[in-house]
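Asks: pasting the sequence and the predicted model now:
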Amino acid sequence: MQAHRNAHKKKSALLANWDPTYPGEKINFYRDFIQRHAPYSISWFQSARHGHRDDNLHREATGAGILFDGNAMADKLVAPLEDGSISIWDASATSEQRGSMVARTPIGLLPERGADLDQDTRLTQSQAIMTETGAVECVSIDSRLKKGYFAVRNVLNEVDLETLRVVSRTPYPFPITALSEAHHSTPLTVGTNWTVHLHDTRKPPSVPPAARTELIGGTASFSRLETGDFGGHVSLSQPGALSILHLPTTREWDGNGDIWVAGRFTSMLNFDRRFFPRLRGTVHSGARLSCLTAVPHPFVSHELRLGRPYSSPSLLREAKSIAGHTLIAAGEYKGKGSIELYGLSADPTRSINSSDNRTTRNNHACYQNRQTASSSKLLAVAPHGTRLVFSDGDGVMKWVERDGSTPVRDFNINHEPHNSTPPILSQRSEAGWGDIVQKIMPTVSTSLQREAVDVPLGEDNIIIWTGDGKLGMVGFGRSPAFDADALEGVAEEQEAAEMRTKEREYGAEMRKALEQQARELRWLRGYGL
């Protein structure tokens, strides 16, 4: 009789656990099945190169960001290159030229290396400047204003993406290591090696360096003028702010919102934008975190989902119905990849409240601290549909359920299908080298996920930025997102067509010049000269 009761309870629990969605969340289960089980493919964006294709003069990307359209879907991929230029690729799912480069600035734009230097000097100096800091979160795109923010050393460059011109350059006292999400009317949070600042994007361009003044005897009163601070700054006791998260909120118009900062230090810092730079509280992690993100749903632990097969389904439904967010952190703890999940809720009895130093003693709070997820350090994490995806130092991308522990699928980008392997990557793999994924960017904006809007089939993909400075799109299904080889062929044909057009124009101009010279000679002969 007891076995019969347990079997009935287990069946009820499994029926309650099969659905990974939350109340009000709209999911296309056909698309979800494809992303879980269909073959994957990696389509590499068109290479940013100088000279002929056979010369292998490729320029590596030093960061990446996505410009979303009005429907909160990826429209353009924006990336700074090691030569100091900015390149833009077509990333729209409705475009026939997806994956191709559509615009590029002159070299040396971001490090301010102009035409007064010869090309070799500009390339050498730009490469040294662009690769000095090595920050991952160095690009932030404001899709509403169509502006991009690029961190180079200790300077924050604001660029108009429609004209591809630098609007302003704001210096900071230390090298910039992290930028938050850029959103209109919300100050951008800038993290350096030793400080955290609020950058008001509505401020006019900074004063040129030649017009600045220096206070004799101290510079404290001029610190905000020099660095462009908005509301002061925070001094860090330990170096290394690597990731900054603006917790999603529906009240962005009044400046309210939580700021979470993580990095090489072992605690996550929490600030309220209204009272910045006052520290609201901390959450001890113990791990050194490299990436932060959030899911607009409460955290439901693995034990509540599947760890207790005889638990009541009502407990799971109650946990899912609680309003809140899940804070997700990825990093390294004792040499292993660590993923951490914390439940954030307006109910103080169920939330990891950073202002309460007794947070770990809250029996009703849901969190998962220092969970081993990989044999090497985790580098990036992002939500993807009903799952979480993260990458590690071995080049592995792994999908898990939202509990952070139930595996879904994984693959190594160095073992990808042969037809999508770029030439340089295949050469390094044969020589024993391996590539890694430094940044994961979903093609669906988090704002669209919060609005519970169904995404069209085949458009919920992932854009990756690798350690070799390459940009690719991970898709699922029988056909890849786009064909990079075809794009290169089209680019070569366009280049050849442009060369032929220039040759014809040059020939026409030379013919006109020779005809003019012949007329002048005939005119002079008429005068006996």
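Replies: Thanks, I have the structure now. Numbers count the residues shown, from 1 in each chain.
Asks: and the end-to-end length of stretch 239-249?
Replies: Using Cα to Cα, to the nearest Å, the end-to-end distance of stretch 239-249 comes out at 29 Å.
Asks: in it, what's buried?
Replies: Buried residues in stretch 239-249, counted by 16 or more other Cβ atoms under 10 Å: Gly240, Ala241, Leu242, Ser243, Ile244, Leu245, His246, Leu247, Pro248. C-betas here are computed from N, CA, C, even on glycine.
Asks: restricted to strands, list those.
Replies: Ala241, Leu242, Ser243, Ile244, Leu245, His246 (DSSP state E).
Asks: what about Trp523, how many residues nearby?
Replies: The local packing of Trp523 (other Cβ atoms under 10 Å) involves 10 other residues.
Asks: then Thr192?
Replies: Applying other Cβ under 10 Å, we find 24 other residues in the vicinity of Thr192.
Asks: measure it to Ile129 for me?
Replies: Here Thr192 is placed at a distance of 16 Å from Ile129 (Cβ to Cβ, to the nearest Å).
Asks: next one: Ala508
Replies: 43 Å.
Asks: Leu179 too?
Replies: Relative to Ile129, and taking Cβ to Cβ, Leu179 is found at 17 Å.
Asks: now do the end-to-end distance for stretch 232-241.
Replies: End-to-end span of stretch 232-241 (Cα to Cα): 17 Å.
Asks: can you give the distance of it from its chain's centre?
Replies: How far stretch 232-241 lies from its chain's middle: 22 Å, per Cα atoms, centre = their mean, to the nearest Å.
Asks: what sits up against that stretch?
Replies: Contacts to stretch 232-241, defined as Cβ atoms under 8 Å, 6 or more residues apart in numbering, come from residues 177-178, 191-198, 223-224, 227, 261-265, 269, 271, 276-277, 279.
Asks: correct me, but Leu247 touches Gly257?
Replies: Yes: counting by Cβ atoms under 8 Å, Gly257 is a contact partner of Leu247 at 6.2 Å.
Asks: care to break this structure down by domain?
Replies: Here the domain parsing of the chain from automatic domain parsing is 2-212+227-482, 485-529.
Asks: mean pLDDT for these: which is lowest?
Replies: Ranked by mean pLDDT, the domains of the chain bottom out at domain 485-529, with a mean of 78.
Asks: chain center to that one: distance?
Replies: Distance of domain 485-529 from the chain centroid (Cα atoms, centre = their mean) equals 47 Å.
Asks: for Ile66, list each beta-bridge partner.
Replies: Counting by DSSP bridges, Ile66 is bridged to Leu77.
Asks: look up how far Leu161 lies from it.
Replies: Counting by Cβ to Cβ, the gap from Ile66 to Leu161 is 12 Å.
Asks: shared neighbours, these two?
Replies: Joint contacts of Ile66 and Leu161 (Cβ under 8 Å, 6+ apart) are Lys76, Val78, Ile141.
Asks: excluding sequence neighbours, find me the nearest residue to the last one.
Replies: So the one you mean is Ile141. Of all residues not flanking Ile141 in the chain, Gly65 sits nearest, at 4.0 Å (Cβ to Cβ, 6 or more residues apart in numbering).
Asks: now the ones in strands among the buried residues of stretch 239-249 in JSON lines, please, with extra columns for distance to Arg478.
Replies: Below are those laid out as JSON lines (distance: Cβ to Cβ, whole Å):
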{"residue": "Ala241", "distance to Arg478": "43"}
{"residue": "Leu242", "distance to Arg478": "38"}
{"residue": "Ser243", "distance to Arg478": "36"}
{"residue": "Ile244", "distance to Arg478": "39"}
{"residue": "Leu245", "distance to Arg478": "36"}
{"residue": "His246", "distance to Arg478": "38"}
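Asks: among the residues you listed, which pair sits farthest apart?
Replies: Using Cβ to Cβ, these span at most 15.5 Å, a distance reached by Leu242 and His246.
Asks: chain center to stretch 274-289, what's the gap?
Replies: 22 Å.
Asks: nearest residue to Tyr40 in space, please, no chain neighbours.
Replies: Phe476 is the one closest to Tyr40 (Cβ to Cβ, 6+ apart), at 5.5 Å.
Asks: spit out the contact partners of the one you found.
Replies: Ile34, Gln35, Ala38, Pro39, Tyr40, Ser41, Asn461.
Asks: any of those residues buried? List them.
Replies: Buried members of the contacts of Phe476, scored by 16+ other Cβ under 10 Å, are Ile34, Gln35, Tyr40, Ser41, Asn461.
Asks: which strands and helices sit next to the strand or helix carrying Arg409?
Replies: According to DSSP states H and E, Arg409 maps onto strand 407-412. Judged by 3 or more Cβ pairs under 8 Å, 6 or more residues apart in numbering; DSSP states H and E, the packing partners of strand 407-412 are helix 29-37, strand 396-401.
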